[in-house]
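Trainee: what shape does this take:
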Amino acid sequence: MNKANEQAMPKDVPVPEAAGIDASWLTSVLIASAAAPSEARVVAMRPVRLPGGKLARTIRFLLTWADDDSRGPASLIGKFPADGARSQQTGQATDAYALELAFYRLIAPTAQVAVPRCHFAGIDPATGRFALILDDIGSARKVDQVAGATADEVAAALVEVSRLHAQYWAGERSESLRWVPLRAAPANARRLAAAYRLLYGRFLDRFGGRLSDRAAGMIERFDTVIRRWSSHDDPPYTLLHGDYRAGNLLFGSDAVSPPVTVLDWQNLGIGSGVSDVAYLIGGSLPIDTRRNREEELLAAYLGALSANGVVINDREYRNAYRVNALTGLHMTVVSAMLVDGGADSDELFVTMAERHAAHADDVNAQGALT
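Mentor: Have a look, this model is predicted:
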């Protein structure tokens with residue numbers, strides 16, 4: 001997406017390699033973002049590689065300040081291209097890197113959703129090299145996606161995303177968001193269907209021995225309705241996170257931190273807000289927990305939308321929720337085959353496939369497409 005690249009690229013600002021970042025560069029970035037006074041100086045920094053991430057490397061920079069540690073943050077989070085060639089190619093080809101940077105530069109400052117403060121967001125469209133420097137919300141708590149979130153954590157996350165959805169409800173194609181991909185655009189719908197048809201067999205070849213018969217069968221049956229599913233994204237539309245799951249959220253552990261902080265905006269899009277909801281509920285909860293609390297959680301999201309002034313047709317929205325139970329299955333199958341593998345990521349993809357397949361089966365998602 002050339003427009004996203006253009007929007008995300010700061011003019012005349014060099015984009016460093018992760019290995020090239022030093023104390024001097026971080027000093028200039030923090031002064032420029034008004035996070036430190038002009039006379040402050042970082043005299044030393046120590047990078048610590050953080051685990052996780054499929055399309056990007058994440059590094060925590062521990063900072064030492066001259067004279068007074070209170071002059072600026074004690075640490076920062078940096079995101080950079082992934083190490084693996086396959087993941088890098090996917091990040092560039094899907095505009096994931098450019099979209100996230102454009103989000104932080106153009107949407108985050110006014111978005112009604114908690115995100116880390118951004119100090120630098122730059123990308124070189126010619127090489128795909130990018131750097132994103134964010135506040136480190138060290139007091140917040142991460143949830144293990146494989147172990148799963150609690151229903152209360154998912155409820156808090158639904159309230160948080162409802163604020164974003166309500167903010168952009170039905171005004172999603174305003175001029176300021178023309179660069180954000182519209183999921184229902186015919187070309188995008190064709191690409192979604194083609195990607196699944198190309199990759200689902202390879203996914204089953206790689207992971208089929210670790211999947212239940214139910215999950216493997218659902219993955220195969222999804223192919224029979226993939227074209228209908230990909231073009232079934234009906235309005236009203238809003239701004240979507242696109243990968244809204246427990247592993248991309250931070251949960252506040254004290255009175256200072258926001259209840260939920262949202263990370264990883266690489267799948268930004270315009271579409272039906274319920275796709276974020278179904279993806280979160282279906283993929284972030286253990287299957288039994290989801291079955292026991294699903295109706296309560298969906299009602300909580302719809303209630304939060306209503307409290308933010310959004311009027312919806314409850315029946316139509318619940319039907320859209322059923323259809324979008326397949327969204328996570330598509331995301332899991334396609335993503336697994338487009339990033340570099342490893343034991344941890346393989347376990348994640350198997351877990352997500354089981355949960356999303358069970359979700360789609362439980363709500364008869366394919367039946368909602370007829």
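Trainee: which stretches of the stretch 1-150 of the chain have low pLDDT?
Mentor: Judged by pLDDT under 70, the stretch 1-150 of the chain has its weakly predicted residues at 1-13, 68-70.
Trainee: 90 - rerun?
Mentor: Applying pLDDT under 90 to the stretch 1-150 of the chain flags the ranges 1-19, 51-56, 67-72, 82-95, 123-129, 138-140.
Trainee: need the helices for it, in chain order.
Mentor: For the stretch 1-150 of the chain, the helices defined by DSSP state H, counting those that start in this stretch cover 2-8, 23-32, 85-93, 96-102.
Trainee: repeat that for the stretch 151-300 of the chain.
Mentor: Under the criterion DSSP H, counting those that start in this stretch, helices of the stretch 151-300 of the chain are mapped to 151-167, 186-207, 213-222, 226-230, 274-284, 287-307.
Trainee: residue nearest the centroid of the chain?
Mentor: Asp243 (3.5 Å; CA atoms, centre = their mean).
Trainee: and the residue nearest to that one when sequence neighbours are not counted, how far is that from Asp233?
Mentor: What sits nearest to Asp243 in space, not counting adjacent residues and going by CB to CB, 6 or more residues apart in numbering, is Asn267, at 4.4 Å. Using the backbone N, CA and C atoms, a C-beta is placed for each residue, glycine as well. The gap separating Asn267 from Asp233 is 14 Å, by CB to CB, to the nearest Å.
Trainee: before we move on, what about Asp264?
Mentor: 21 Å.
Trainee: ok, back up a step: same drill for Asn267 and Asp233, tell me which one is more crowded.
Mentor: Neighbours of Asn267 and Asp233, each counted by other CB atoms under 10 Å, are more numerous for Asp233; the result is 25 against 22.
Trainee: Arg183: what's it in contact with?
Mentor: Shown in contact with Arg183 (CB atoms under 8 Å, 6 or more residues apart in numbering): 189, 192, 233, 240, 269-272, 275.
Trainee: how about those residues in a markdown table, adding pLDDT?
Mentor: Shown next, in a markdown table, are those (pLDDT from 0 to 100):
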| residue | pLDDT |
| --- | --- |
| Ala189 | 94 |
| Leu192 | 96 |
| Asp233 | 89 |
| Leu240 | 97 |
| Gly269 | 95 |
| Ile270 | 95 |
| Gly271 | 94 |
| Ser272 | 94 |
| Ser275 | 96 |
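Trainee: quick one, which of the helices of the stretch 151-300 of the chain is packed in tightest?
Mentor: Each of these was scored by mean neighbour count; the highest is helix 274-284, a mean of 28, by mean count of other CB atoms under 10 Å.
Trainee: next, the angle helix 151-167 makes with that one.
Mentor: Between helix 274-284 and helix 151-167, the angle comes out at 170 degrees (axes from the mean of the first three to the mean of the last three CA atoms, to 10 degrees).
Trainee: who touches stretch 277-288?
Mentor: Residues outside stretch 277-288 that contact it (CB under 8 Å, 6+ apart): 143, 145, 148-149, 151, 154, 157-158, 161, 243-247, 290, 293-294, 297-298, 301, 321, 324-325, 327-328, 331-332, 352, 354-356, 358-360.
Trainee: repeat that for 6 Å
Mentor: Here stretch 277-288 makes contact (CB atoms under 6 Å, 6 or more residues apart in numbering) with 148-149, 154, 244-246, 297, 301, 321, 324-325, 327-328, 352, 355-356, 358-359.
Trainee: do the same with stretch 346-362
Mentor: Residues outside stretch 346-362 that contact it (CB under 6 Å, 6+ apart) are 146, 207, 210, 215, 218, 282-283, 287, 325-326, 328-329, 332, 336.
Trainee: hmm, back to that, of all the contacts of Arg183, which two lie farthest apart?
Mentor: Ala189 and Leu240 (14.8 Å; CB to CB).
Trainee: show me the shaky parts of the stretch 201-350 of the chain.
Mentor: Scanning the stretch 201-350 of the chain for pLDDT under 90 picks out 233-235, 253-258, 311-316, 340-344.
Trainee: try 70 this time
Mentor: In the stretch 201-350 of the chain (pLDDT under 70), no residue qualifies.
Trainee: chain neighbours aside, what residue packs nearest to His241?
Mentor: Asp276 (5.4 Å).
Trainee: do you know how far the residue nearest to the centre of the chain is from Ala368?
Mentor: From Asp243 to Ala368 the distance is 23 Å (CB to CB).
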